[in-house]
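Colleague: here is the input, now give the coordinates:
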Amino acid sequence: MNYASQSHLVKSFVLDTSEKTVSNLTFEDDYSLQQFKESAYKLFYDIITVPAPYLYQEPNPIVELFRLIESSLGSLKSSQKAILSQLEKWWVEWHFVASMNVSLERENKEQDYNVISTTQHPMRKHELSHYARLFTILPLPVCDVCMVTGDILKVNQRFIDVFGYTLQDVPNLNVWWKLAYPEKDYRTFAQTLWQESLEQANQK
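Modeller: Got it, this is the predicted structure:
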């Protein structure tokens with residue numbers, strides 16, 4: 001990762017956003033907060049590239065980037081610290097999703113290429129094992145969703161800890177949307193944003 005240029009862009013984003021907040025990441029309304037998240041999302045995909053094939057890295061490159069930013073910014077206002085902290089949480093999650101997408105795209109290409117093969121390569125088994133382990137120990141709430149039926153196939157322990165729902169509580173996306181966004185109008189807004197994000201990701 002080109003930490004120097006990325007750090008500069010993120011710092012500019014933090015300083016600019018802090019001028020629009022009152023304190024501690026307090027926006028005037030939910031729409032302003034949503035605008036902040038959309039801007040953060042766009043910046044992430046503008047400057048972060050996940051290489052293919054993706055190789056697991058420790059420490060996480062996003063975490064390394066934000067430690068560099070923190071050290072270069074020096075003394076921060078409370079609003080700037082809150083913005084930086086929120087950005088890191090989102091970016092770590094989005095980086096994981098992007099890396100999994102890269103891995104899945106590679107997996108699909110390999111399956112198409114080896115469609116007549118009935119023997120699973122040992123390396124493929126290793127990749128699946130690594131994904132299963134990462135899914136289990138990842139400190140972020142994640143779930144496996146069938147994009148055809150909308151069924152939620154699996155959730156990790158962090159998902160249960162953060163949201164308080166087990167797989168039995170949220171068996172599919174329809175149930176999840178109603179629980180996560182009980183207010184109908186805001187739920188529709190969130191679903192629209194989610195669908196647009198999926199379409200944008202599929203175009204990359």
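Colleague: roughly how far is the helix or strand where residue 10 lies from the heart of the chain?
Modeller: Assigned by DSSP states H and E, residue 10 belongs to helix 3-18. Chain-centre distance of helix 3-18: 19 Å, with C-alpha atoms, centre = their mean, to the nearest Å.
Colleague: so how far is residue 197 from the residue nearest the centre of the chain?
Modeller: Nearest to the geometric centre of the chain sits residue 94, at 2.1 Å (C-alpha atoms, centre = their mean). According to C-beta to C-beta, to the nearest Å, residue 94 stands 10 Å off from residue 197. Where you see a C-beta, it was placed from the backbone N, CA and C, and this is true even at glycine.
Colleague: overlap in contacts, these two.
Modeller: Common contact partners of residue 94 and residue 197 (C-beta atoms under 8 Å, 6 or more residues apart in numbering): residue 41.
Colleague: what's the pLDDT at residue 174?
Modeller: Per-residue confidence at residue 174 stands at 92 (pLDDT).
Colleague: next: residue 131.
Modeller: At residue 131, pLDDT is 67.
Colleague: how about the one 10 residues further on?
Modeller: Per-residue confidence (pLDDT) for residue 141: 89.
Colleague: in this structure it contacts residue 165, no?
Modeller: No: counting by C-beta atoms under 8 Å, residue 141 sits too far from residue 165 to count as a contact (9.7 Å).
Colleague: overlap in contacts, those two.
Modeller: By C-beta under 8 Å, 6+ apart, residue 141 and residue 165 have these common neighbours: 155, 159.
Colleague: helices along the protein, start to end?
Modeller: For the chain, applying DSSP state H gives helices covering 3-18, 30-47, 61-73, 78-113, 122-137, 157-163, 173-180, 184-203.
Colleague: residues contacting stretch 177-192, please?
Modeller: With contact meaning C-beta under 8 Å, 6+ apart, stretch 177-192 is reached by 30, 34, 163, 165, 169, 170.
Colleague: and the residues you listed as JSON lines, adding pLDDT?
Modeller: Output for these, formatted as JSON lines (pLDDT from 0 to 100):
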{"residue": "30", "pLDDT": "57"}
{"residue": "34", "pLDDT": "77"}
{"residue": "163", "pLDDT": "90"}
{"residue": "165", "pLDDT": "91"}
{"residue": "169", "pLDDT": "92"}
{"residue": "170", "pLDDT": "93"}
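Colleague: and these, which two are the farthest apart?
Modeller: Between any two of these, the greatest separation by C-beta to C-beta is 25.7 Å, found for 34 and 169.
Colleague: let me see the contact set for the closest residue to residue 145 other than its chain neighbours.
Modeller: Of all residues not flanking residue 145 in the chain, residue 152 sits nearest, at 5.5 Å (C-beta to C-beta, 6 or more residues apart in numbering). By C-beta under 8 Å, 6+ apart, the contact set of residue 152 is 143, 144, 145, 146, 167, 170, 171, 172, 173, 176.
Colleague: that concludes my questions; thank you for your assistance.
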